[in-house]
Structure formats: C-alpha cells, structure tokens
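Enquirer: The following comprises the amino acid sequence and a computationally predicted model.
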Amino acid sequence: MNQKSPALLKADRERYSDGLRGTYDFIVCGGGTAGCVVARRLAEDPSVTVLLLEAGGSDLVPSVVDSTLWMSNIQSERDWCYRAEPADSLNGRTPVLPMGKVLGGGSSINGSIWARGHKHDYDLWAELSGDEGWSYENVLRIYRKIEDWQGPPDPERRGQGGLLNILQPTDPVPLVAGLIKGAEAIGIPFVEDINGAAMEGEGGCGLANVLVQDGNERVSMAATYIHPFMGRPNLDVKLCAEIVSLTREGKRVTGVNFVHRGRQYTVAASREVILSAGAINTPKLLMLSGIGDAGKLGRHGIEVAQHLPGVGQNFQDHILLAGCCWEYFTPEPPRNNAAEFVFYAKSRPDLPTPDLMPVLEECPFGSEITAAEYDLPKGPSSAWTLAPGLARPDSRGEVRLASADWRDAPLIEANFLSAQTDLDAMVACVKMCREIGNSEFCAPYRKRELMPGNLGGAEMEAFIRDAAGTYFHESCSAKMGRDDMSVVDGKLRVYGVEGLRVADASIMPEIATGNTMAPTAIIAERAAEILVAAHGLSPEKR
C-alpha cells in the first residue's frame, strides 16, 4: 500500500504552514484534486518554493476518511454549497452543485470512483488544442505512471507501482451480481475492467474502479500527493485561505491576494501562478481579476486586463437522475464506496461513444421533489438506487459574477436538460435502468419498486425534470482550444496573459466520459510536466 494508516496519517495531516514568505516561485490556487497534484510535482524540485492555497480546512474528519460516508459531506462545511439558478428545464428547480471545500477538494468528498475517460475524449482534446500531448496515447502513458492498479493485469493500459492505489471493490453487495446479469440481458456486456478496452470502444458494465484501501479508507489526492510532503522546507500549505484576486503588472500576473482568518495577504510569484480552483471558482477569479468578457466586467466596474469572452462559458456537467429506486427485502449496509456498479452504453446506435453512465447508489436516493413525492425511506440500508446518468450532455451553461465582491457566490446557469437530445437520452436511460432493476436477476434483492414506476410521455418528462441534478462534475468553463471562445492554449497558458496557467476541470473543451476525478488528475499531471519543462526544473528521483 502507498498510504499510511489513519493513525499514522494524523501527525502529518495536521502539519500545515503557519509561516508565509513574501515571494514564492510558484503559487497554486486551490488545494483540490488538481492543485494537490500540481503543487506536489513542482515541490519535487527542492530548489523551488511552492505555496498551495486552499479555502477549506483539514481533511482529517470521519466523513472524508471513510469513503462510504461521502454523501454526508454534501451541503456541509466541506462543500462550497453552490446552487444553480432556477431553470425552466428543471421545472424551476435550483439543484445543488457540490464542490469540495477541503484539502483534496472533490477527491476528499466524492464517491471515490476512478473513471479514466474514453479514448475519443482525449483525441478530441488533442485535435481542438492542436497539441498531441493531450492525445489518448500520451494520456495513457501518464495513467500508467501514476496508477498502482490492483485489478486484472493489462500492462498495455494499466500501471503498477504508481502513487495511486486503485482497485475494484472487494466483496461488493450481493445485488451487484444481479445488476451485472440484468445488464447483460439487455445487451450491455460485463467487462473485467471498466477502464480498460471498454473505454476504447462501446462500453460495458461492471465494478467501478475505486480509490480506497484497507476496507473503506479513502485514497484522496491530498493524502497521496500532499501529506507525504508535509514539512518539506520548500512547500507551504495554507488552509482556510480564500483567494480574493490575482495581482498583476500590465498583462503579467505577479501574485495573489487572499484572506486568511479575517486578515488579507498579498504574496508574489516570481515564476507563475497556477489556477486550480475548479470550474466555478476559476472563472470567478479570472473575472474578478479583469480577465473575461469586457462588456460583462464593465457592468461590475472591473478594470479589463484581457478581453476573453469564453471565461465562464461552455459550462458542462454530467446530469444525474435521482433516480430509479427499489426497496430491499433485507436491509443491506453500503460497502466499499457505496457505489460499486456502473455501466456505459449508448442511447442511440449512431453515437461515436457511450453517452449514458448510470451508477448504483447503495441507499434511497431522490431529489428534494421526488424523495417527498414517492415517500422514500430514510435509512441508508433500506433501499438501493440505479441512478441514470448522462456522460455526453449537449446542454451548455454559464458561470458569471454576481458582483465585484469576492465574497459573493457567482451565478451559475447550469441549464441541465435544456437540450432536447439530453431529455431523449435520459428517457432511454431510465427505461434501461428500470429493465435491469426489475429483471429476474435482481428479484432476490427487490421487495418493490419505489420509483418511478411505469411512466410515459408527459409524466416521464415531468419526473425526469423533477429528479435531474448533478453528478458533481462541473467542468469546461475556461476551455482549452484555438477558437475565439477558448481561454487557455494547449500548454494551459491563459490567452493574452503572462505568468498564469489554469490546471483543473475547467479547461476541458468537452466533458470527459465518466467521473471527472481521474481526468482532472491527468490535467494536473500534464500541467506539471509542462511547467517542469518550461522552467527547467529537476525533480528528485523517487
């Protein structure tokens, strides 16, 4: 195992920096999935100084360390608690948009699923950016480097000996066997590794890859990348540090303004600032710093440093339906990451890649509307949900400023299900999930179907709009590319600005197929490689 046990982790998890230098070589803004990776890789060169700023607090809490408790973090102090603006496409609802506000970010509060994305995703990124470094072939090289894969051997695609302990759930709930047979019965084949050859072709069903160890212990980017480096003299980690804006001289970003425990600080970066604040906060910080659409910035009285109309545009998220739910005959406590089964399939045969990605939630799972309407039970062991999900949504949204005050949450027009194609795909997905869940193979684990039942037409559409929400995979709001709406180039440099790069899920030109933690880690590893080459760094051999 690469990690230490929780007892041994306690000491270094609490060794955060009290001191602060006036200048660092690199400042990484955001200690989430991407920021932890970038900061670690930069700090591997002992000759450079690195500051990692994270708005949240320590990840040494039971709901983070125990991967089965991940849903208890939603709407807690470890969540930014953002909501989307009211949308007609969701019957006026304002779904929550969870984002990690804790060291490790989303990797500390998510369902621990490691979904690497489809070959098509990365080849498209390479095409749109004009940089072959984003191609599937090169991304596969990075995956092999960082993984310590514990599943079926596949040396062509999977790595061993890397930092990240990745496995398939051990001893999953018995229901999983029934779901696999039910999926096979409707033409979705079982695959031994859902991240292997299946993600180069038509998809399949099987056990999710998970970042856990020693039973239910979470393997986060914080625990894996940052905690082993705690106490190194060239890395400072500042928690509870909310970034106000970037400082600049002309077109060059020179540092960061942030607030820590009520006091404001300004720290300089002699080489570069890397924004890794996530697909909501990254565009917010860019706009607060004068980088964005000139007209929109002007309405808030913000001086324009660089006109980039794509900042905040192209917002995407996987749409998750809460969902298709059945009551257990006998209560079954969740195991492993409490989400042990997934499948990838197409809603239409003409699509180039799978566009559906349902996941098992080992609990009753409803929206604020459907949970009440269907009177779902409260106990986590009383029911199970096969939650329909869209992997390739056509709906697009926007992140915009509410004001020029950094303390105000941005306005997020998520626009879920605003594209008719997304609604059509979700109808197909609900039908698939119900067919699997109501199959003979799941009968031993099914006392009765709780929701939605056999709906059609307008009733089905209304149910989907009342049940739809987020997979917690916000992305694409500062996209990489070469068109007029692109924010960063293939080297992640912000167009028209010096000394600033973006490395997080916001740079995806299109959202990856599957949960976004793994692709975000790849973005960060790729960013680190770019920075190491650009600055001639010499990481220590490890």
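Expert: Here it is on my side, so go on.
Enquirer: Tell me who's in contact with Asp79.
Expert: Asn73, Pro98, Met99, Gly100, Lys101, Ile109 (C-beta atoms under 8 Å, 6 or more residues apart in numbering). C-beta: built from backbone N, CA, C; applies to glycine.
Enquirer: CSV please, covering those residues and showing distance to Arg434, neighbour count and secondary structure.
Expert: Formatted as CSV, the contacts of Asp79 follow (distance: C-beta to C-beta, whole Å; neighbours: other C-beta atoms under 10 Å; DSSP: H, G, I helix; E, B strand; the rest coil):
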residue, distance to Arg434, neighbour count, secondary structure
Asn73, 29, 20, helix
Pro98, 26, 26, coil
Met99, 31, 23, coil
Gly100, 32, 29, strand
Lys101, 36, 27, coil
Ile109, 30, 31, helix
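Enquirer: Taking these, tell me the two that lie furthest apart.
Expert: The most widely separated members of these, counting by C-beta to C-beta, are Asn73 and Met99 (10.7 Å).
Enquirer: can you give me the strands in the stretch 251-400 of the chain?
Expert: Using DSSP state E, counting those that start in this stretch, the strands of the stretch 251-400 of the chain run over 252-260, 263-275, 291-292, 306-307, 319-321, 324-327, 341-344, 359-361, 383-387, 389-390, 398-400.
Enquirer: closest one to Tyr225 among those?
Expert: Minimum separation from Tyr225 across the strands of the stretch 251-400 of the chain (C-beta to C-beta) falls at strand 263-275, 14.3 Å.
Enquirer: In the closest one, which residues are buried?
Expert: Within strand 263-275, the residues scored as buried using 16 or more other C-beta atoms under 10 Å are Tyr265, Val267, Ala269, Arg271, Glu272, Val273, Ile274, Leu275.
Enquirer: Same check on stretch 138-155?
Expert: Here stretch 138-155 shows Asn138, Val139, Leu140, Ile142, Tyr143, Arg144, Ile146, Glu147, Asp148, Trp149, Gly151 as buried, counting by 16+ other C-beta under 10 Å.
Enquirer: try stretch 279-286
Expert: In stretch 279-286, counting by 16+ other C-beta under 10 Å, buried: Ala279, Ile280, Asn281, Thr282, Pro283, Lys284, Leu285, Leu286.
Enquirer: Output the residues you listed in JSON lines, with distance to Glu474 and pLDDT appended to each entry.
Expert: As requested, the buried residues of stretch 279-286 are exported to JSON lines (distance: C-beta to C-beta, whole Å; pLDDT from 0 to 100):
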{"residue": "Ala279", "distance to Glu474": "4", "pLDDT": "98"}
{"residue": "Ile280", "distance to Glu474": "6", "pLDDT": "98"}
{"residue": "Asn281", "distance to Glu474": "10", "pLDDT": "98"}
{"residue": "Thr282", "distance to Glu474": "10", "pLDDT": "98"}
{"residue": "Pro283", "distance to Glu474": "10", "pLDDT": "98"}
{"residue": "Lys284", "distance to Glu474": "12", "pLDDT": "98"}
{"residue": "Leu285", "distance to Glu474": "15", "pLDDT": "98"}
{"residue": "Leu286", "distance to Glu474": "15", "pLDDT": "98"}
